[in-house]
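**Student:** next comes the sequence, and after it the predicted model I'd like to discuss.
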Amino acid sequence: MRLRRHIGLAWVAGAVLEEMVAEAERKSPLETGGILIGYWGEEFEEVVVTDATGPGSAAVHMRGKFIPDAQHQREEVARIYRESGRTRTYLRAARLELRKY
């Protein structure tokens, strides 16, 4: 078994990236997040992000900390997995915080 040490390339759907930025802007200056969903490419060197969940209505947003609505995230991952014909699945949790320099 080969361990994945780094990702060579990440593809993110434009609509997903736009929604992630919009979510971070909505919650700024607080942290927010969600789950990245998609699939791994050949040899696990590439990842394709096709969807992302939002934080969920029961999420807690603070400066430097985010507690997700776990039930919402589980339900969204399961729904997308099912609707995709079991091809798109959980990739990793994502935390978002806008920082102004």
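**Tutor:** Noted; the coordinates are in hand.
**Student:** helices along the chain, start to end?
**Tutor:** 14-27, 70-83 (DSSP state H).
**Student:** elements contacting the first one?
**Tutor:** The one in question is helix 14-27. On a contact count with 3 or more CB pairs under 8 Å, 6 or more residues apart in numbering; DSSP states H and E, helix 14-27 meets strand 32-40, strand 46-52, strand 89-96. In this view, the C-beta of every residue, glycine as well, is placed from N, C-alpha and C.
**Student:** hang on, K27 packs against H61?
**Tutor:** Yes: contact criterion CB atoms under 8 Å: K27 and H61 qualify, at 5.3 Å.
**Student:** joint contacts of the two?
**Tutor:** Common contact partners of K27 and H61 (CB atoms under 8 Å, 6 or more residues apart in numbering): P55.
**Student:** closest one to H72 among the helices and strands packed on helix 14-27?
**Tutor:** strand 32-40 (9.2 Å; CB to CB).
**Student:** that closest one: which residues count as buried?
**Tutor:** T32, G33, G34, I35, L36, I37, G38 (16 or more other CB atoms under 10 Å).
**Student:** coming back round to it: adding distance to A15 and mean pLDDT, write the helices and strands packed on helix 14-27 out as JSON lines.
**Tutor:** Output for these, formatted as JSON lines (distance: least, CB to CB, whole Å; pLDDT from 0 to 100):
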{"stretch": "strand 32-40", "distance to A15": "13", "mean pLDDT": "94"}
{"stretch": "strand 46-52", "distance to A15": "9", "mean pLDDT": "94"}
{"stretch": "strand 89-96", "distance to A15": "15", "mean pLDDT": "89"}
